[in-house]
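Enquirer: Build the 3D model from these lines:
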Amino acid sequence: MEEIIKEAIITAKEASKKAPKLEGVPTGIDGLDELFYYTEIENNKPVKKLLSGMLKYSVCNITGINDTGKSLMAEQFAIFQSQFHKICFIIVETPANFVVSSMKLRAKAMNIDEKWIDENIIFIDASSNYKLREEIPILLNTLAYAIKEYKINFTIIDSITGLFENKEMLARSIVRRVYSFLKKWYQTSILISQKRSGHEILSSEAAGGYAVGHIVDGTIVLSKELIDTQYKAKIYKKPIGEIVRLFRIYGCRMCGHDTKVRFFEITESGLVRVLNPIEGGER
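Expert: Below is the predicted model of the structure:
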């Protein structure tokens with residue numbers, strides 16, 4: 001007899017009982033929170049309502065080439081939310097003792113007491129343990145234990161690319177398993193993924209192709225460009241020799257979002273800010 005999985009059959013009414021409320025989570029990143037919204041009908045007209053943050057329980061991918069601010073963005077979000085919630089930070093590249101030092105420096109710049117980092121950020125250090133990097137079931141079992149033990153609501157993975165670094169053919173199945181786990185546990189999540197040199201700079205394409213971008217709920221793309229022609233100087237309104245940083249929400253299937261390409265800034269103290277669109281206009 002062919003196998004039937006009755007548990008996978010669920011009516012829309014039953015699913016609605018488990019559906020989360022549409023609400024935003026403040027990110028602590030200047031200029032980002034007002035870029036996500038939903039629409040309601042009032043007096044027969046659509047009215048845009050700001051979420052005031054990224055969507056709760058969503059899994060967001062931040063991708064870009066090196067030195068574009070991906071990790072800074074994720075860390076700034078974690079530092080800000082550590083004032084209110086427990087955060088799990090899965091580090092795949094840099095050991096925890098180095099990451100926490102830079103986070104505490106950034107917390108000072110954000111005027112946030114570093115005690116919140118000590119008390120509410122829980123690291124899973126996959127950078128120092130190959131089993132956590134190479135064996136996804138072990139990583140997810142460890143994360144499940146941490147979620148239950150510390151009552152964690154937010155999970156950040158820096159980077160998801162590090163989990164399939166030498167086996168990009170498996171990227172889709174690895175990302176799918178991680179994504180399904182995060183949704184099952186109602187985690188508001190950020191995944192960092194790396195672009196390769198041949199990828200289009202403002203698309204969701206990254207290591208593993210479009211695997212991450214296709215599976216997750218939304219993608220933010222960060223980029224930087226050297227102003228080395230008069231054409232670029234005219235487009236970006238910057239002098240030749242300067243580097244401009246760019247930001248784009250490539251997609252978010254769970255809520256409305258701004259689609260403009262915007263300038264992006266990393267301050268001297270390592271804080272990131274989303275600025276005005278490159279064609280001008282309001283932030």
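Enquirer: what residue ranges in this protein are flagged as low confidence?
Expert: Along the chain, segments meeting pLDDT under 70 span 197-199, 280-283.
Enquirer: residue ranges of the strands in it, please?
Expert: 24-25, 36-42, 45-50, 54-55, 59-64, 87-91, 121-125, 154-158, 188-194, 218-226, 243-252, 256-257, 262-266, 272-277 (DSSP state E).
Enquirer: nearest to residue 132, of these?
Expert: Closest to residue 132 of the strands of the chain is strand 121-125 (C-beta to C-beta; 6.7 Å). In this view, the C-beta of every residue, glycine as well, is placed from N, C-alpha and C.
Enquirer: and that closest one, what does it pack onto?
Expert: strand 87-91, helix 96-109, helix 136-150 (3 or more C-beta pairs under 8 Å, 6 or more residues apart in numbering; DSSP states H and E).
Enquirer: picking that back up, please produce JSON lines containing the strands of the chain, extended by mean neighbour count and distance to residue 168.
Expert: Shown next, in JSON lines, are those (neighbours: other C-beta atoms under 10 Å; distance: least, C-beta to C-beta, whole Å):
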{"stretch": "strand 24-25", "mean neighbour count": "22", "distance to residue 168": "31"}
{"stretch": "strand 36-42", "mean neighbour count": "14", "distance to residue 168": "30"}
{"stretch": "strand 45-50", "mean neighbour count": "11", "distance to residue 168": "37"}
{"stretch": "strand 54-55", "mean neighbour count": "26", "distance to residue 168": "27"}
{"stretch": "strand 59-64", "mean neighbour count": "26", "distance to residue 168": "14"}
{"stretch": "strand 87-91", "mean neighbour count": "24", "distance to residue 168": "19"}
{"stretch": "strand 121-125", "mean neighbour count": "19", "distance to residue 168": "23"}
{"stretch": "strand 154-158", "mean neighbour count": "25", "distance to residue 168": "17"}
{"stretch": "strand 188-194", "mean neighbour count": "25", "distance to residue 168": "11"}
{"stretch": "strand 218-226", "mean neighbour count": "21", "distance to residue 168": "18"}
{"stretch": "strand 243-252", "mean neighbour count": "20", "distance to residue 168": "20"}
{"stretch": "strand 256-257", "mean neighbour count": "17", "distance to residue 168": "28"}
{"stretch": "strand 262-266", "mean neighbour count": "19", "distance to residue 168": "27"}
{"stretch": "strand 272-277", "mean neighbour count": "19", "distance to residue 168": "28"}
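Enquirer: Can I get those in TSV including distance to residue 76?
Expert: Below are the strands of the chain laid out as TSV (distance: least, C-beta to C-beta, whole Å):
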stretch	distance to residue 76
strand 24-25	13
strand 36-42	17
strand 45-50	20
strand 54-55	12
strand 59-64	11
strand 87-91	12
strand 121-125	13
strand 154-158	11
strand 188-194	11
strand 218-226	13
strand 243-252	14
strand 256-257	19
strand 262-266	10
strand 272-277	6
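Enquirer: With residue 72 as the reference, name the closest of those.
Expert: Short answer: strand 272-277, nearest of the strands of the chain by C-beta to C-beta, at 5.1 Å.
Enquirer: Return that closest one as CSV; C-alpha atoms alone will do.
Expert: Output of strand 272-277 as CSV, limited to C-alpha atoms (Å, rounded to 0.1, in the frame of the first residue of the first chain):
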residue,chain,number,x,y,z
VAL,A,272,25.0,50.8,9.3
ARG,A,273,22.3,53.2,7.9
VAL,A,274,19.9,53.0,5.0
LEU,A,275,19.8,56.3,3.2
ASN,A,276,17.9,58.0,0.4
PRO,A,277,17.1,56.4,-3.0
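Enquirer: Distance from that strand to the middle of the chain?
Expert: How far strand 272-277 lies from its chain's middle: 16 Å, per C-alpha atoms, centre = their mean, to the nearest Å.
Enquirer: same check, this time on stretch 132-141
Expert: 20 Å.
Enquirer: What of stretch 159-167?
Expert: For stretch 159-167, the separation from the chain centroid amounts to 16 Å (computed by C-alpha atoms, centre = their mean).
Enquirer: likewise stretch 145-152?
Expert: Using C-alpha atoms, centre = their mean, the offset of stretch 145-152 from its chain centre is 20 Å.
Enquirer: Give me the contact list for that stretch.
Expert: Stretch 145-152 is contacted by residues 85, 86, 87, 88, 122, 124, 155, 185, 187 when judged by C-beta atoms under 8 Å, 6 or more residues apart in numbering.
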